[in-house]
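> Structure of the sequence below:
(one chain, ligands or ions: 3)
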Amino acid sequence: MPTNEEKKKIVEILIKSGILVGPEFMTNLDNDDVVKKILSLPENSQEEEIKKILLENKRGVKIVKSYKEEANKRTVSDFISYFNTRYNKLKEILHKKQGTQDAISIKRVVAKSENEKVSIIGMIYDKGVTKNNNIILTLEDQTGRIKAVVTKTKDTFKVAEECVCDEVIGVNGTFNKGIIFVDEIILPDIPATNELKKGPEDIYAIFTGDPHIGSKHFLHENFNNFIAWLNGEIGTEEQKNIAKKVRYVFVVGDLVDGIGIYPSQYDDLELKDIKKQYEKLSEYLEKIPKHIEIILCPGNHDALRLIEPQPPLYKDYAEGLCNLPNVYLVSNPSIINIGATENFQGFNVLLYHGASFHFYAERVASIMQQGGPKRADLIMKFLLQRRHLAPEHTSVNYAPNPEEDPLLIDIIPDFFVTGHIHRSTASTYRNITTINCSCWIGMTDFQEKVGLIPEPARVVAVNLQTRETKIMRF
Ligand code: D5M
Ligand code: FE
Ligand code: ZN
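Numbers count the residues shown, from 1 in each chain. Ligands and ions are numbered 1, 2, ... in the order given. Predicted coordinates:
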């Protein structure tokens, strides 16, 4: 708790920065970290900075990573630095793993004598098949390129079959006649020892996505049922009991249907004005009880650039949302920490709408054969193993930030949450709960054409004390 002296100082700082707070603000200011952060701000701090700190003061939500849009134009050299940054980070992860600890540079491999055991860490520059149906990978690091052959008879052939360009892997094998004959491929992956965290409180987080507000196919009635349930108005006794314990609602992109997203979309729209679509969303979300924190990230239908990372929604479009005290606008992707208490570090939730998913659903044979886009669980596992949301360069449009790769999975999340596919799955990979959220829009002509049957009006409810997941239908 801040002392009276500290309280006075905080009020002064807030007034100077033009921020008005209600009387309940001081009563609720019980987080010493927040008090310290505000007091250590320079005199003429930006309003935005203070607001960010205040936002985190709200119960149990901390924005760990959310990306802003960078203003500068990108050049070819940015792509080179971006790939170097990505390679270095994944190399660091791989170097810690059993099997690739002794990896050396490609230049040093090439200088070796014949028939020597070698280990390298490389980015896949190219992948092909030899005339005997073995897989041939061209691997690259900062010192050069080398070919690596994986024969059909090796156990690791299955791993090689799934590999895509631009992912970073460890390779162990024998160097002979300028080629590495591969014994083992090691992926950066999630450690097998990754722990399942359980929270101290019997509370719930709800995961949903793709409301597509504004579309003629938006399912008003079902969405209203969902909100009525959150308000304890409908459901069985057991379901009402869960509703009482909900503290967080995540909505993972395609918040509105947008305008001009596909050629004939105009005819599919009930609300043909983007601001009206976001206003409608605010009207719905306003009905959610205020003790529930609502976290919103954008998707490919939202009023933002399609380049990833997509920044949080702009205030201009989402004024109503900004005025709701329990709404947090974050980027796509982003990492949000929830449920932390004095003795518990909280859960990290990795949010990603999922624009890269179709690429892997169609290109990776093992995923395609098991259901393709219907198997978000397999796609999510594939991405976690590669520690990247879109390993192959052409799988999404992205901004090549030379200092950081926002699509890299460096922090191991407790929850990996995506949408876009309009179906729901809840699964686990190495103690990470992988959730693909459903949607609130019926079948569109486009989906009918691509043969993807949606499973709308479902949410995934997770108990943060037991980590039990439940798919609920509305
Ligand atoms: O995506 C709506 C639906 O359409 C969802 O089921 C995914 C599918 N979809 C979206 N983009 C593609 C591509 N490029 N190929 C195949 N299927 C796709 P939404 O983002 O809501 O329009
Ligand atoms: Fe969608
Ligand atoms: Zn989408």
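
> surely residue 328 meets residue 295?
Yes. The criterion here is CB atoms under 8 Å, and residue 328 meets it with residue 295 at 4.8 Å. From N, CA and C alone the C-beta is placed, and that goes for glycine too.

> Spit out the residues that contact these two alike.
Shared contacts of residue 328 and residue 295 (CB atoms under 8 Å, 6 or more residues apart in numbering): 61, 336.

> For residue 166, give me its contacts.
So residue 166 contacts 83, 123, 124, 391, 392, 393 (CB under 8 Å, 6+ apart).

> Could you do residue 400 as well?
Counting by CB under 8 Å, 6+ apart, residue 400 has contacts 74, 78, 79, 81, 82, 83.

> Which strands or helices does whichever strand or helix holds the last one pack on?
What that stands for is residue 83. Assigned by DSSP states H and E, residue 83 falls within helix 76-95. Other helices and strands packing on helix 76-95, by 3 or more CB pairs under 8 Å, 6 or more residues apart in numbering; DSSP states H and E, are strand 116-129, strand 168-176.

> re the thing from before, any of the contacts of residue 400 buried? List them.
78, 82, 83 (16 or more other CB atoms under 10 Å).

> Find the residue closest to the last one in space, skipping its chain neighbours.
Closest residue to residue 83 apart from its sequence neighbours, by CB to CB, 6 or more residues apart in numbering: residue 123 at 7.0 Å.

> For the one you found, the count of nearby residues, please.
Number of residues near residue 123 (other CB atoms under 10 Å) recorded here: 22.

> list the contacts for it?
83, 86, 87, 139, 140, 141, 166, 167, 168.

> what pairs with residue 215 across the strands?
Counting by DSSP bridges, residue 215 is bridged to residue 269.

> There's contact between it and residue 270 in this structure, I believe.
Yes. Between residue 215 and residue 270 there is a contact under CB under 8 Å: 6.5 Å.

> Compare these two and say which is more crowded by neighbours.
residue 215 (24 against 15).

> For residue 136, see how far away that one is.
Residue 215 is 46 Å from residue 136, where distance means CB to CB, to the nearest Å.

> next one: residue 404
Taken as CB to CB, the span from residue 404 to residue 136 is 32 Å.

> ok so, going back, please tabulate the contacts of residue 123 in TSV, including the columns pLDDT.
Output for the contacts of residue 123, formatted as TSV (pLDDT from 0 to 100):
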residue	pLDDT
83	94
86	96
87	97
139	98
140	98
141	97
166	97
167	98
168	98
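
> So which of those wins on neighbours?
residue 168 (27 neighbours).

> need the contact list for it.
When contacts are counted by CB under 8 Å, 6+ apart, residue 168 touches 86, 87, 90, 91, 94, 121, 122, 123, 124, 188, 386.

> Can I get the contacts of residue 166 in TSV including distance to ligand 1?
Compiled in TSV, the contacts of residue 166 are given as follows (distance: CB to the nearest ligand atom, whole Å):
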residue	distance to ligand 1
83	24
123	25
124	23
391	17
392	14
393	17
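
> for the residues you listed, which one is nearest residue 243?
Nearest to residue 243 out of the contacts of residue 166 is residue 391 (CB to CB; 39.1 Å).

> Burial check on that closest one, number of neighbours?
26.

> just the residues of the chain that are near ligand 1, which are they?
Within reach of ligand 1 by CB under 6 Å from any ligand atom, the chain has these residues: 210, 254, 300, 301, 358, 420, 421, 422, 446, 447, 450, 452.

> where does the closest residue in space to residue 239 that isn't next to it in sequence land in three-state SS?
In space, and not counting its chain neighbours, residue 239 is closest to residue 229: 6.6 Å by CB to CB, 6+ apart. Counting by DSSP: H, G, I helix; E, B strand; the rest coil, the backbone at residue 229 sits in helix.

> I'd assumed residue 236 was in contact with residue 229.
No. Taking contacts as CB under 8 Å, residue 229 lies outside contact range of residue 236: 10.3 Å.

> With neighbour numbers in mind, choose between these two.
residue 229 (20 against 8).

> which ones are touching the more buried one?
Residues near residue 229 by CB under 8 Å, 6+ apart: 235, 239, 240, 243, 472, 474.

> Ok, residue 361 next?
For residue 361, the contact set (CB under 8 Å, 6+ apart) comprises 367, 368, 372, 373, 375, 379.

> change it to 7 Å
The contact partners of residue 361, by CB atoms under 7 Å, 6 or more residues apart in numbering, come to 367, 368, 372, 373, 379.

> Closest one of those to ligand 3?
residue 373 (11.6 Å; CB to the ion).

> gap between that closest one and residue 16?
The value you get for residue 373 to residue 16, if CB to CB is used, is 52 Å.

> Looking at the two, which is more packed in?
Taking neighbours as other CB under 10 Å, residue 373 and residue 16 compare with residue 373 leading, 21 against 12.

> ok, and the closest non-adjacent residue to the more buried one?
Nearest non-adjacent residue to residue 373, counting by CB to CB, 6+ apart: residue 361, 4.2 Å away.

> give me the element that neighbour is part of.
Going by DSSP H and E, residue 361 is in helix 357-363.
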